[in-house]
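K.L.:
below are the sequence and a predicted model for it; my questions follow.
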There are 2 protein chains.
Amino acid sequence: MPDFIIDNRLYYNPVEFVMDKIGGAYKMPILWRLKDKNCRYSELKKSLSHISDRMLSKSLKELEQYAFISKEIFAEVPVRTEYSITEKGQNCIPVIESLRNLGLEWMKNDDS
Amino acid sequence: MPDFIIDNRLYYNPVEFVMDKIGGAYKMPILWRLKDKNCRYSELKKSLSHISDRMLSKSLKELEQYAFISKEIFAEVPVRTEYSITEKGQNCIPVIESLRNLGLEWMKNDDS
DNA sequence: CGGAATCCGGAACGATACTG
DNA sequence: CAGTATCGTTCCGGATTCCG
């Protein structure tokens, strides 16, 4: 298994690469929220009720940086911002769904 | 999206639960190595060339704790230990493969 | 409203040395 | 061979504050 250098960072395998991009506690849940509906910052914040502003802000920025989501600002008063999922983000949904199902299965069996 | 309390730990969604069990930089790669071949500690160590003993040992122990892998000790001289994947672990393989493919795709397009 | 910047503690992690 | 113990560092993530 070869190593990869992407964006000046070293990865040892493709899974690690994916994890770096959409891993962690929040990114996949955010993508999941956006999969069929654009959301405003405050909607996401409410939906992921436990998340801090710092982490939501940080996660959104990183997801946007790598084009998993995009952000549109409407010059209204007050300003409105909407986040939407991109095609690249949509490509992650099946995997996230599989992960979800796996988790639901484990939880059901309570053999954690 | 409800919360879950499992094993005295709070999870906010199924994905987070899965990530807690097989997330991180090493666990999925380890499962991937074991998917079609039992391995000894030193084989895994060599295969994941960069991993430290500490992390390999820790990851293996946690994977075993939650029954993703099992460990068999052969009372030979010198002692031989073999790790193998369980059915629960095998159930993760399709998801890991999807993650891998996703990563390979992203890497190919170099749009990281 | 929609964030960004700063500070801070604890958990995660790596390197090294050691052991049955 | 298959790990464990210890130490030092890094970094994740929470709380708080501030800004346009």
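P.N.:
Received the coordinates, thanks. None of these values were measured; they are calculated from a predicted model.

K.L.:
okay, now residue A:105: neighbour count?
P.N.:
14 (other CB atoms under 10 Å in any protein chain shown). Where C-beta positions appear, they are placed from N, C-alpha and C, glycine not excepted.

K.L.:
so how far is DNA strand C from it?
P.N.:
24 Å (CB to the nearest atom of the strand, to the nearest Å).

K.L.:
measure that residue to residue B:44 for me?
P.N.:
27 Å (CB to CB, to the nearest Å).

K.L.:
one more: residue A:82?
P.N.:
Separation of residue A:82 from residue B:44 (CB to CB): 46 Å.

K.L.:
the most centrally placed residue in chain A - nearest residue in space that isn't next to it in sequence?
P.N.:
Chain A has residue A:27 as the residue nearest its centroid, 2.7 Å off, counting by CA atoms, centre = their mean. Excluding the flanking residues, the one nearest residue A:27 by CB to CB, 6 or more residues apart in numbering or on different chains is residue A:59, at 5.4 Å.

K.L.:
could you give the mean pLDDT of the helix or strand hosting that neighbour?
P.N.:
Using DSSP states H and E, residue A:59 sits within helix A:53-65. Helix A:53-65 carries an average pLDDT of 95.

K.L.:
buried ones in the helix or strand following that helix, by neighbour count?
P.N.:
Downstream of helix A:53-65, the next assigned helix or strand under DSSP H and E is strand A:69-74. Residues A:69, A:70 are the ones in strand A:69-74 that count as buried (16 or more other CB atoms under 10 Å in any protein chain shown).

K.L.:
the next helix or strand after strand A:69-74 vs DNA strand C: in contact?
P.N.:
Where DSSP H and E defines the elements, the next helix or strand beyond strand A:69-74 is strand A:80-85. Yes. Strand A:80-85 reaches DNA strand C (CB under 7 Å from any atom of the strand) through A:80, A:81, A:83.

K.L.:
anything in the longest helix anywhere in chain A near chain B?
P.N.:
Under DSSP state H, the helix in chain A containing the largest number of residues is helix A:93-109. Yes. Judged by CB under 8 Å from any CB of the partner chain, helix A:93-109 and chain B are in contact via A:94-96, A:98-107.

K.L.:
my guess is residue A:71 contacts residue A:60. True?
P.N.:
Yes. Under the criterion of CB atoms under 8 Å, residue A:71 makes contact with residue A:60 at 7.4 Å.

K.L.:
now do the shared contacts for those two.
P.N.:
Shared contacts of residue A:71 and residue A:60, defined by CB atoms under 8 Å, 6 or more residues apart in numbering or on different chains, comprise residue A:83.

K.L.:
residue A:82 and residue B:44: who's more crowded?
P.N.:
A count of neighbours by other CB under 10 Å puts residue B:44 above the other of residue A:82 and residue B:44, at 19 against 15.
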